[in-house]
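J.: Build me a model:
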Amino acid sequence: MAQSADNFTEIIKANAMIIDPKILSQDDDVVTKLEKSIHFGDYKVLAMGEQSHGTSEFFKTRTNLIRLLVARKQLTKIGLEAPMPEVDLLNKFVAGEGGNLKDILKSFRLYSYECSEFMDLVEAVKTINVNRRDKIIFFGFDVQSPFQSLQNMLDYSAKNNPATVDSLQKLINNYKLLNNEMYAHTFSEEDFNELNTLSEQIMTTYDPQSASSEKSDLLKKSINNYRQFLLINNPYVTKNDMLIQSVIRDSLMAVNVLSEITDADKIIILAHNAHIQKTVNVYSKSMGYYLSNTLGKHYKCLGSTTSTGFYTAYNPAVGKITDMNKIQTGDQDTFEFFFSRTEKPIFFLNTSQVVQQLKNVTTPTKYRLLVYGYTEQQFVPGNVLADYDFVLHIDRTTGNKSFYLK
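T.: Numbering: from 1, shown residues only. Modelled structure (predicted):
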């Protein structure tokens, strides 16, 4: 007979390591405070998730976990759930080559990154790099925007392939006119045929081998990223079905992460919990599912969770982005309910240690996944202990400081 939920609470409580609240601060001694309490073991890729894209504390903790991994010499690259070419602009800023950080983040066209907390994370990496010979670089692994890829192709064409300049400008303008369809992934077959035909005419004219090495690499990456964008928006392949699009997107993100790995690398990637989990979620085979199948024990993932507070997202009921979207209180079917019962405001959990102790113990059946934008359906079927190698729980959280709060 299964033991009661009280047993589950006690097992979580016994294994949950209390984390000093300084993990949410910028204190100089924060790494020292974390050194004895948080360990991730050996990995090639360590994914750090977030239960919502709009939670201030998730950004703050990941910034300090980056500092911790730097101190341990366990970090060479940081991957972002953002388009590859746009993230290249971020590296130029970090390297001190100019640019306005707010404008660069806005080019991602992902309002979750357009906040002061992510600016702090970038500035922290920039400061870290001052004293490093081998600089930490960011890379993007998502495929949802065509704009910087096309701009890179346009910049190349202006000097090396002038016959395509007018066509590229037309293509960019077409995407601007179809902005809503692009971000909803709902191109009609007629619109997609026009975009795809023009795109192929342009891309077949390039000879990356004739360019200098740096320009050739950028051109190849831009063309590859743009082809991936076309794939997830191809209505003949996806039928404009979000489930099909999600599988394609996550599989491509995994491919892009894997392409960044060398023997010398220790990579972390920052993305939503739903993308990094090792198992299939209610929406899709996740990026983490593909990475785990390829890398085995060398892929580790940390899920960040919360039980109460607020988060930042666009809320159609109020017609704007707000940081006052309420985090619903979970019932006894949810992991968050029992995480709160530990009475540990911030804790770190190694899930493998817990799973071994849970035989014949009743466990929750749901946990929170806050999708992009506001939702009333906050809980989905799943098992946090099976989905992630580690959990970082922050019981009460707040909305991040978006550039667009009014």
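J.: Using CSV, write down the CA coordinates of stretch 368-375.
T.: This file holds the C-alpha atoms of stretch 368-375, laid out as CSV (Å, rounded to 0.1, in the frame of the first residue of the first chain):
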residue,chain,number,x,y,z
ARG,A,368,3.2,24.3,-13.1
LEU,A,369,4.2,25.3,-16.6
LEU,A,370,3.5,28.9,-17.4
VAL,A,371,3.6,29.2,-21.2
TYR,A,372,4.5,32.4,-23.1
GLY,A,373,1.9,34.9,-22.2
TYR,A,374,-0.8,34.8,-19.5
THR,A,375,-2.7,31.5,-18.9
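J.: how about that stretch: buried residues?
T.: Buried positions in stretch 368-375, judged by neighbour count with 16 or more other Cβ atoms under 10 Å: 368, 369, 370, 374. C-beta here means a position set from N, CA and C on the backbone, and glycine is covered the same way.
J.: For the last one, give its distance to residue 184.
T.: Residue 374 sits 16 Å away from residue 184, going by Cβ to Cβ, to the nearest Å.
J.: just for this protein, where's the confidence low?
T.: Scanning the chain with the threshold set as pLDDT under 70 gives 1-5, 208-215.
J.: Could I get the full set of strands for it?
T.: Remark: strands assigned in the chain by DSSP state E are 17-18, 45-48, 77-83, 137-142, 267-270, 299-305, 308-315, 320-327, 346-350, 366-368, 379-381, 390-394, 396-397.
J.: will you turn the ones you listed into JSON lines that also has distance to residue 108?
T.: Converted to JSON lines, the strands of the chain look like this (distance: least, Cβ to Cβ, whole Å):
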{"stretch": "strand 17-18", "distance to residue 108": "34"}
{"stretch": "strand 45-48", "distance to residue 108": "18"}
{"stretch": "strand 77-83", "distance to residue 108": "5"}
{"stretch": "strand 137-142", "distance to residue 108": "8"}
{"stretch": "strand 267-270", "distance to residue 108": "12"}
{"stretch": "strand 299-305", "distance to residue 108": "20"}
{"stretch": "strand 308-315", "distance to residue 108": "15"}
{"stretch": "strand 320-327", "distance to residue 108": "15"}
{"stretch": "strand 346-350", "distance to residue 108": "29"}
{"stretch": "strand 366-368", "distance to residue 108": "25"}
{"stretch": "strand 379-381", "distance to residue 108": "26"}
{"stretch": "strand 390-394", "distance to residue 108": "24"}
{"stretch": "strand 396-397", "distance to residue 108": "22"}
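J.: Of these, give the one that comes closest to residue 157.
T.: Residue 157 lies closest to strand 77-83 among those, at 19.7 Å (Cβ to Cβ).
J.: That closest one pairs with which strands, and in what direction?
T.: Next to strand 77-83 in the sheet, as set by DSSP bridges, lie strand 137-142 (parallel), strand 267-270 (parallel).
J.: Buried ones in the shortest one, by neighbour count?
T.: Put plainly, it is strand 267-270. Neighbour-count burial for strand 267-270 flags 267, 268, 269, 270 (criterion: 16+ other Cβ under 10 Å).
J.: Tell me if I'm right that residue 226 and residue 199 touch.
T.: Yes - with contact defined as Cβ atoms under 8 Å, residue 226 counts as touching residue 199 (7.2 Å).
J.: Neighbour count: these two, which is higher?
T.: Between residue 226 and residue 199, residue 226 has the larger neighbour count (other Cβ atoms under 10 Å), namely 26 against 23.
J.: Identify the residue nearest that one in space, chain neighbours excluded?
T.: Of all residues beyond its chain neighbours, the one nearest residue 226 is residue 149 (4.1 Å), with distances taken as Cβ to Cβ, 6 or more residues apart in numbering.
J.: May I see the buried residues of stretch 368-375 organised as a markdown table, with distance to residue 155 added?
T.: Formatted as a markdown table, the buried residues of stretch 368-375 follow (distance: Cβ to Cβ, whole Å):
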| residue | distance to residue 155 |
| --- | --- |
| 368 | 43 |
| 369 | 39 |
| 370 | 37 |
| 374 | 38 |
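J.: ok, the residue most central in space within the chain - contacts?
T.: The centre of the chain sits closest to residue 271, judged by Cα atoms, centre = their mean, with a distance of 1.8 Å. With contacts defined as Cβ atoms under 8 Å, 6 or more residues apart in numbering, residue 271 is in contact with 47, 49, 50, 79, 80, 81, 253, 287.
J.: Regarding the protein, what is its longest helix?
T.: Longest helix in the chain, counting residues (DSSP state H): helix 213-232.
J.: Could I get the buried residue list for it?
T.: 215-216, 218-219, 221-226, 228-230, 232.
J.: separation between the nearest residue to residue 279 once chain neighbours are set aside and residue 66?
T.: What sits nearest to residue 279 in space, not counting adjacent residues and going by Cβ to Cβ, 6+ apart, is residue 387, at 5.0 Å. Distance of residue 387 to residue 66, given as Cβ to Cβ: 23 Å.
J.: Give me the more crowded residue out of those two.
T.: Taking other Cβ under 10 Å, residue 387 and residue 66 do not tie; residue 387 has more neighbours (24 against 20).
J.: list the contacts for that one?
T.: Residue 387 sits next to 273, 277, 278, 279, 281, 301, 303 when contact means Cβ under 8 Å, 6+ apart.
J.: I'd assumed residue 383 was in contact with the fifth one.
T.: Right, residue 281. No - here residue 281 lies out of contact with residue 383, judged by Cβ under 8 Å, at a distance of 10.7 Å.
J.: When those two are compared, which one has more neighbours?
T.: Taking other Cβ under 10 Å, residue 281 and residue 383 do not tie; residue 281 has more neighbours (20 against 17).
J.: How about the more buried one: what's its closest non-neighbour residue?
T.: Of all residues not flanking residue 281 in the chain, residue 274 sits nearest, at 5.2 Å (Cβ to Cβ, 6+ apart).
J.: Pretty sure that neighbour sits against residue 283.
T.: Yes - applying Cβ under 8 Å as the test, residue 274 and residue 283 come out as touching, 6.2 Å apart.
J.: Out of the strands of the chain, which is closest to residue 37?
T.: Closest of the strands of the chain to residue 37 is strand 17-18, at 5.1 Å (criterion: Cβ to Cβ).
J.: Could you measure from the closest residue to residue 70 other than its chain neighbours over to residue 330?
T.: Spatially, and ignoring its direct neighbours in sequence, residue 70 is nearest to residue 128 (5.5 Å; Cβ to Cβ, 6+ apart). Distance of residue 128 to residue 330, computed by Cβ to Cβ: 37 Å.
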